[in-house]
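Chemist: sharing a sequence plus its predicted fold:
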Amino acid sequence: MRPKVIAGNWKMNKDADGSVELINGLITRSGEIPNGVTVVLCPPFTSLAIAQRLLDGVPMALGGQNMHYEDEGAFTGEISAGMLKSVGCTFVIIGHSERRQIFGETNDLVNKKVKKALSAGLRPIICVGETLEERERGVTEQVINVQLKGALQDVPENEVSRAIIAYEPVWAIGTGKNATPDQAADVHKYIRKILGQFYSWNIAEKTIIQYGGSVKPDNARGLLAKADIDGALVGGACLKPESFMEIVKASAS
Ligand code: PEP
């Protein structure tokens, strides 16, 4: 049985005070986290240190929303894996579609970040997903194949199962239009199949594959009930303690 992993991607939301309020709201509800469910909060970089202090002793993990692949140096505006670890991160989102589309991140860059995250001891949450135009053209599987192959290039078998794959159809992110449980499950099954081809069936069976794209309390149960959907990467609905915790609880039933 793979554990469920529910991660909240706060994106560029919540200043310091707003972060304290949201984290305290989540801490109040932390007793509701079901056994076997890992909860990961990914606030903006500016709130990670305060989150680490507030979450001391609370069963919620921290993650960055991005990182650079170098350890240090003249990379103005960037954050390294070591810096994320120094404020308590154990996860990092890599290759989110907003990074790919708005900031021009390529599969090659995603691959460098994935390798650095793994070697630094972070668990990368690697985002892949097709646009609406690609889905309508019938090339979803090819797109996912190229993105996954690119992200995992030269990632050794003994490290890959620490990575989490997040299937996030671009057309479902922030649009209120989620993939149906069957649509998502088909792609998750395909991702597991290609992980089996790249590595082995044992690795494919162990790898956590999250769904992301307009996950809300009212659709989470249906999505998370599917055999190959091992969790969720949640955007909008993670900004309210009640809606995020409803999704966390839905993952256990
Ligand atoms: C995301 O940003 O990864 C995401 C899935 O956002 P939303 O839940 O708002 O669609």
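Modeler: Structure received.
Chemist: not counting sequence-adjacent ones, nearest residue to whichever residue of the stretch 101-250 of the chain sits closest to the ligand?
Modeler: Across the stretch 101-250 of the chain, no residue is closer to the ligand than Gly235, which sits at 2.1 Å (Cβ to the nearest ligand atom). Quick note: C-beta positions are derived from backbone N, CA and C, even for glycine. For Gly235, ignoring the flanking residues on the chain, the nearest one in space by Cβ to Cβ, 6 or more residues apart in numbering is Asn9 at 5.2 Å.
Chemist: backbone dihedrals for the one you found, please?
Modeler: phi -100, psi 100 (degrees, to the nearest 10).
Chemist: what segments of the protein are helices?
Modeler: Remark: helices assigned in the chain by DSSP state H are 16-28, 48-54, 81-86, 97-103, 107-120, 132-136, 140-152, 157-160, 181-198, 201-206, 217-224, 241-250.
Chemist: can I get the ones you listed in CSV including mean pLDDT and distance to the ligand?
Modeler: Shown next, in CSV, are these (pLDDT from 0 to 100; distance: least, Cβ to the nearest ligand atom, whole Å):
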stretch, mean pLDDT, distance to the ligand
helix 16-28, 98, 15
helix 48-54, 98, 18
helix 81-86, 98, 18
helix 97-103, 97, 7
helix 107-120, 98, 15
helix 132-136, 95, 14
helix 140-152, 98, 15
helix 157-160, 94, 22
helix 181-198, 97, 12
helix 201-206, 96, 23
helix 217-224, 97, 10
helix 241-250, 98, 10
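Chemist: with mean neighbour count as new columns, can these be given to me in TSV?
Modeler: Listed next are these as TSV, based on neighbours: other Cβ atoms under 10 Å:
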stretch	mean neighbour count
helix 16-28	16
helix 48-54	17
helix 81-86	18
helix 97-103	16
helix 107-120	20
helix 132-136	14
helix 140-152	18
helix 157-160	14
helix 181-198	18
helix 201-206	14
helix 217-224	20
helix 241-250	21
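Chemist: need the contact list for Leu84.
Modeler: Leu48, Gly63, Gly64, Met67, Val92, Leu122 (Cβ atoms under 8 Å, 6 or more residues apart in numbering).
Chemist: redo that, cut-off 10 Å
Modeler: With contact taken as Cβ atoms under 10 Å, 6 or more residues apart in numbering, Leu84 is in contact with 45, 48, 62-67, 90-92, 117, 120, 122.
Chemist: ditto for Gly88
Modeler: Leu48, Ala49, Ala51, Gln52, Arg53, Leu55, Asp56, Ala61, Leu62, Gly63.
Chemist: I'd like the residues you listed as TSV, with distance to Asn111 appended.
Modeler: Listed next are the contacts of Gly88 as TSV, based on distance: Cβ to Cβ, whole Å:
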residue	distance to Asn111
Leu48	24
Ala49	29
Ala51	28
Gln52	28
Arg53	34
Leu55	30
Asp56	34
Ala61	24
Leu62	24
Gly63	19
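Chemist: contacts only, for Lys116.
Modeler: Met67, His68, Tyr69, Glu70, Asp71, Ser80, Ala81, Gly82, Val92, Ile94, Leu122, Pro124.
Chemist: likewise Ile165?
Modeler: Counting by Cβ under 10 Å, 6+ apart, the residues that Ile165 touches are 124-128, 144, 147-148, 151-152, 188, 191-192, 195, 207-210, 230.
Chemist: can you rerun that using 6 Å?
Modeler: Ile126, Ile191, Ile209 (Cβ atoms under 6 Å, 6 or more residues apart in numbering).
Chemist: returning to that earlier point: so which of the contacts of Lys116 are in strands?
Modeler: Val92, Ile94, Pro124 (DSSP state E).
Chemist: okay, those residues in a markdown table with neighbour count, pLDDT and distance to Ala179 next?
Modeler: Output for those, formatted as a markdown table (neighbours: other Cβ atoms under 10 Å; pLDDT from 0 to 100; distance: Cβ to Cβ, whole Å):
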| residue | neighbour count | pLDDT | distance to Ala179 |
| --- | --- | --- | --- |
| Val92 | 27 | 99 | 24 |
| Ile94 | 29 | 98 | 21 |
| Pro124 | 30 | 98 | 22 |
